[in-house]
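Trainee: attaching a predicted model along with its sequence, questions to come.
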Amino acid sequence: MKYNELGKSGIKVSEISLGSMTWGTQNTEAEGHAQMDLAFERGVNFIDTAEMYPVNPTTAEKSGRSEEIMGTWHRSRKNRQQVIFATKIVGPGSRTVRDGAPVNRKSIEIAVEGSLRRLQTDYIDLYQIHWSNRDSYHFRQSWKFDASQQDYDDTYAYILEALDGLQRQIDAGKIRAIGLSNESCWGTAKFLEMSKAHDLPRVVSMQNEYNLLDRKYDLDMSELSINENVGLLAFSPLAAGILSGQYQGDRTPTDSRRNFSSDIGGRYTAYVVPVVEKYLDVAKKHGLNCCQMALAFCLTRPFMASAIFGARTIEQLKTNLAAVDLKLNDEVMQDIASVYRSHPNPMG
């Protein structure tokens, strides 16, 4: 297992990491513990969560349950110093937490205290803003994104207040480093600019969606990541399981995400199905498992800090963990590039 430092934070995370968003709905506490045990045994030291998890479905009653499961796990295993915990504060767009209140100094204080309590820890290694207070193109909203509706002064005030609120939590010893999620190149640049101008904490990571079907990050975000040392923590590197091929033929496997969302959050559409088939063909041609190929591809990217995947079963987890041993040769990479050139962004 390779470990990558997040910025200059001194925090080193495993190149693949475990996501927790199903622990508490699709997975029981015991299953979540078993997943963490196996991942930790295989060298994974980084576990990502959020105060709104679990999902599938997302409910106010279940919010924070995934954090609680992580808390009972590390307390029973007595290994807190050996694992890196990341969590996130939710802002507008999800009314399940604080009724959709924006991210500000007060909400950061409240959210951090709640996460610390549920995680049963004194500190959070990486604390992330789940999404911005302003509108964005993430979550398949690129087709209707309109930056002209944004207010620059509001965004400036939001970033400055958020950074100040996060600095207070760092000063109190409650968080070690900060990151962003579902952010744009311009938004990230403003965070970096303002942290420098006001001597406030610097963003060390970005958690955006990235996979073979959604490679927007390869463009301006890649340039920023590399030049500013802000590594990507890629979520949904398997496109929410779509790249496994399990949904091809319009199938809905028992206990899969399609039981909760027929289009898997807008990801599974008529545009995606034939492209998935092409990637499945590439994997078959080279005798590879498509999930392992997809994860191994992520690890070839120069901006990648860690690829965060979830698993519904231990067998899925074992398959995904084995991706670190797979090195894609030139022929595989050329075939992937050929599909990408023909279908650069099928997921939107």
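Mentor: Structure's in. What do you need?
Trainee: the nearest residue to Pro237 once chain neighbours are set aside: what's it in contact with?
Mentor: Leaving aside its chain neighbours, Pro237 sits nearest to Ala307 (4.3 Å; criterion: CB to CB, 6 or more residues apart in numbering). Placement of C-beta: from N, CA and C, glycine included. Contact partners of Ala307, counting by CB atoms under 8 Å, 6 or more residues apart in numbering, are Glu15, Ile16, Ser17, Tyr210, Leu233, Ala234, Pro237, Leu295, Cys298, Leu299.
Trainee: give me that answer again for 10 Å
Mentor: Ala307 makes contact with 14-17, 19, 210-211, 232-238, 294-299, 301, 320, 323-324, according to CB atoms under 10 Å, 6 or more residues apart in numbering.
Trainee: before we move on, what about Asp281?
Mentor: The contact partners of Asp281, by CB under 10 Å, 6+ apart, come to Cys290, Asp335, Val339.
Trainee: which residue is the nearest non-sequential neighbour of the first one?
Mentor: Okay, so that is Cys290. Once its chain neighbours are removed from consideration, Cys290 has its nearest residue in Ala283; the separation is 4.0 Å (CB to CB, 6+ apart).
Trainee: which helix or which strand is home to that neighbour?
Mentor: For Ala283, the host element (DSSP states H and E) is helix 273-285.
Trainee: report the buried residues of stretch 333-347.
Mentor: Of the residues in stretch 333-347, those buried by neighbour count under the rule 16 or more other CB atoms under 10 Å are Asp335, Ile336, Val339, Tyr340, His343, Pro346, Met347.
Trainee: remind me, longest helix of this structure?
Mentor: Under DSSP state H, the helix in the chain containing the largest number of residues is helix 152-171.
Trainee: how far away from the center of its chain is it?
Mentor: When C-alpha coordinates are averaged (CA atoms, centre = their mean, to the nearest Å), helix 152-171 and its chain have centres 22 Å apart.
Trainee: check stretch 113-130 too.
Mentor: A distance of 16 Å separates the C-alpha centroid of stretch 113-130 from that of its chain, computed with CA atoms, centre = their mean.
Trainee: so how far is the helix holding Ala283 off the chain centroid?
Mentor: Averaged over its C-alpha atoms, helix 273-285 has a centre that lies 24 Å from its chain's centre (CA atoms, centre = their mean).
Trainee: quick one: list the elements packing against the helix or strand Leu38 falls within.
Mentor: Per DSSP H and E, Leu38 falls inside helix 29-41. Packing partners of helix 29-41 (3 or more CB pairs under 10 Å, 6 or more residues apart in numbering; DSSP states H and E): strand 16-19, strand 46-48, helix 65-77, helix 314-321.
Trainee: okay, these in a markdown table with distance to Phe260 and mean pLDDT next?
Mentor: Formatted as a markdown table, the helices and strands packed on helix 29-41 follow (distance: least, CB to CB, whole Å; pLDDT from 0 to 100):
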| stretch | distance to Phe260 | mean pLDDT |
| --- | --- | --- |
| strand 16-19 | 16 | 98 |
| strand 46-48 | 20 | 98 |
| helix 65-77 | 16 | 98 |
| helix 314-321 | 17 | 98 |
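Trainee: that older thread, the residue nearest to Cys290 contacts Leu295, correct?
Mentor: No. The pair Ala283 and Leu295 fails to qualify as a contact (CB atoms under 10 Å) at a distance of 11.7 Å.
Trainee: quickly list what's touching both of these two.
Mentor: When contacts are counted by CB under 10 Å, 6+ apart, Ala283 and Leu295 have Leu243, Asn289 as shared neighbours.
Trainee: more neighbours, these two?
Mentor: Just comparing Ala283 and Leu295: by other CB atoms under 10 Å the higher neighbour count belongs to Leu295, 26 against 20.
Trainee: okay, now the residue lying closest to the more buried one once chain neighbours are set aside: neighbour count?
Mentor: The shortest distance from Leu295 to any residue that is not its chain neighbour, by CB to CB, 6+ apart, is 3.7 Å, and that residue is Ala323. Other residues lying near Ala323 total 24 when counted by other CB under 10 Å.
Trainee: and Ala323, what is it in contact with?
Mentor: 15-16, 237-238, 288-289, 291-299, 307, 309.
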